[in-house]
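Visitor: After the sequence you'll find the predicted model.
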Amino acid sequence: MLLQLSTWQEIEDYLKRSRTVVVPIGSNEQHGPTGLLGTDFLCPEIIAHEASRRPEADLLVAPTFAVGMAQHHLGFPGSISLRPTTFIAALTDWTRSLAGHGFERIYFLNGHGGNVATIEAAFSEIYAEASFDRRHAGFALKLRNWWDLKGVMPLANRLFPTGHGSHATPSEIAVTQWAYPDSIKAANYAPQVAPTGPIREALDFRARYPDGRMGSDPGQATPEKGGELVALAVRELIAEVEAFGREAGPG
Ligand code: NI
């Protein structure tokens, strides 16, 4: 069940049977010569939407939080970034909106490694509001990167034993190819496997990684491999969200 395709009455009814919601979260940033700009928010969205269609899972998925920490990609056209303080403020308002309706388990499925530190900082800010008042928050927050769902990285390593890299990876590009076969791109990669190194500001990034990839060979991506990754991630997401929902309720 997708929140944006529901009415408020349907959400009111859902809250009578479940207090859990999944929020896909990512980033809109360049992903090399063949990766879609939306890759990092599309991957968690694809997995969460697929999970929400499974009849065995009564899963509510919120709108995708599509823009995150991408300042280092701003040297490439189309990248959009928030700064950390803006991101924390926006996450706080999203969370308080949902928690105010009675959601007690808010699960963020993340698609961008660069978001992790700031999402964790946002969680601390949000919990601190309750802590300083010595009251219960009334809700719990969870962050999971889609590639950290059980078994997903081992599968990615089997599918792509070399040239997986850390940005514009063949696994994330395969997932978008599976979901959007009409948007598959081709390019000649030179070198075949991109260089690795540090991440600093946008102009430094563009100079180090001229085509935008880091350590990866996305030419290995296929829609079929993406489908394998999605199928496994969907199964594990459903299991993990159910377990999160069954945790003892907040005091
Ligand atoms: Ni990515």
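Guide: Right, received. Where do you want to start?

Visitor: can you give me the helices in the stretch 1-150 of the chain?
Guide: For the stretch 1-150 of the chain, the helices defined by DSSP state H, counting those that start in this stretch occupy 8-17, 39-53, 84-100, 116-132.

Visitor: closest to the ion out of those helices?
Guide: helix 39-53 (4.2 Å; Cβ to the ion). All C-beta spots, glycine's among them, are computed from the backbone N, C-alpha and C.

Visitor: How about residues contacting the closest one?
Guide: Residues outside helix 39-53 that contact it (Cβ atoms under 8 Å, 6 or more residues apart in numbering): 1-2, 22, 24-29, 31, 36, 57, 59-61, 64-68, 109-112, 146, 168, 172-173, 175-176, 178-180, 230, 233-234, 237-238, 241.

Visitor: With respect to burial, which of the helices of the stretch 1-150 of the chain scores highest?
Guide: The highest mean neighbour count among those, using mean count of other Cβ atoms under 10 Å, belongs to helix 39-53: a mean of 24.

Visitor: near the ion, anything from that helix?
Guide: Yes - residues of helix 39-53 contacting the ion under Cβ under 5 Å from the ion: Thr39, Asp40.

Visitor: quick revisit: keep the contacts of helix 39-53, but drop any that are not near the ion.
Guide: Glu172.

Visitor: What's the PyMOL line that selects buried ones from the contacts of helix 39-53?
Guide: Selecting only the buried entries of the contacts of helix 39-53 in PyMOL, with 16 or more other Cβ atoms under 10 Å as the criterion:
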select buried, resi 1+22+24+25+26+27+28+29+31+36+57+59+60+61+64+65+66+67+68+109+110+111+112+146+168+172+173+175+176+178+179+230+233+234+237+238+241
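
Visitor: What residue in the stretch 101-250 of the chain comes nearest to the ion?
Guide: Glu172 (4.9 Å).

Visitor: so what's the backbone phi/psi at that residue?
Guide: When quoted as degrees, to the nearest 10, the phi and psi of Glu172 stand at phi -70, psi -40.

Visitor: For it, give me its contacts.
Guide: By Cβ under 8 Å, 6+ apart, Glu172 lies in contact with His31, Gly35, Thr39, Asp40, Cys43, Gly111, Trp147.

Visitor: give me that answer again for 7 Å
Guide: Thr39, Cys43 (Cβ atoms under 7 Å, 6 or more residues apart in numbering).

Visitor: swap in the one 3 residues further on?
Guide: With contact taken as Cβ under 7 Å, 6+ apart, Val175 is in contact with Cys43, Ile46, Gly226, Leu229, Val230.

Visitor: which ones are touching the fourth one?
Guide: Contacts of Leu229 were listed using Cβ under 7 Å, 6+ apart, and they are Val152, Leu155, Ala156, Ser171, Ala174, Val175.

Visitor: mind saving the C-alpha coords of stretch 149-167 as CSV?
Guide: Extracted in CSV, the C-alpha atoms of stretch 149-167 (Å, rounded to 0.1, in the frame of the first residue of the first chain):
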residue,chain,number,x,y,z
LEU,A,149,19.6,-6.4,3.9
LYS,A,150,20.5,-9.9,4.8
GLY,A,151,22.3,-11.7,2.0
VAL,A,152,22.2,-8.8,-0.5
MET,A,153,26.0,-7.9,-0.4
PRO,A,154,27.0,-11.6,-0.7
LEU,A,155,24.8,-11.9,-3.7
ALA,A,156,26.2,-8.7,-5.2
ASN,A,157,29.7,-10.0,-4.6
ARG,A,158,28.8,-13.3,-6.4
LEU,A,159,27.3,-11.5,-9.3
PHE,A,160,30.1,-8.9,-9.6
PRO,A,161,33.3,-10.4,-8.1
THR,A,162,35.4,-7.6,-9.5
GLY,A,163,34.7,-3.9,-10.3
HIS,A,164,31.8,-3.5,-7.9
GLY,A,165,33.3,-0.3,-6.5
SER,A,166,31.5,2.2,-4.3
HIS,A,167,29.7,4.6,-6.6
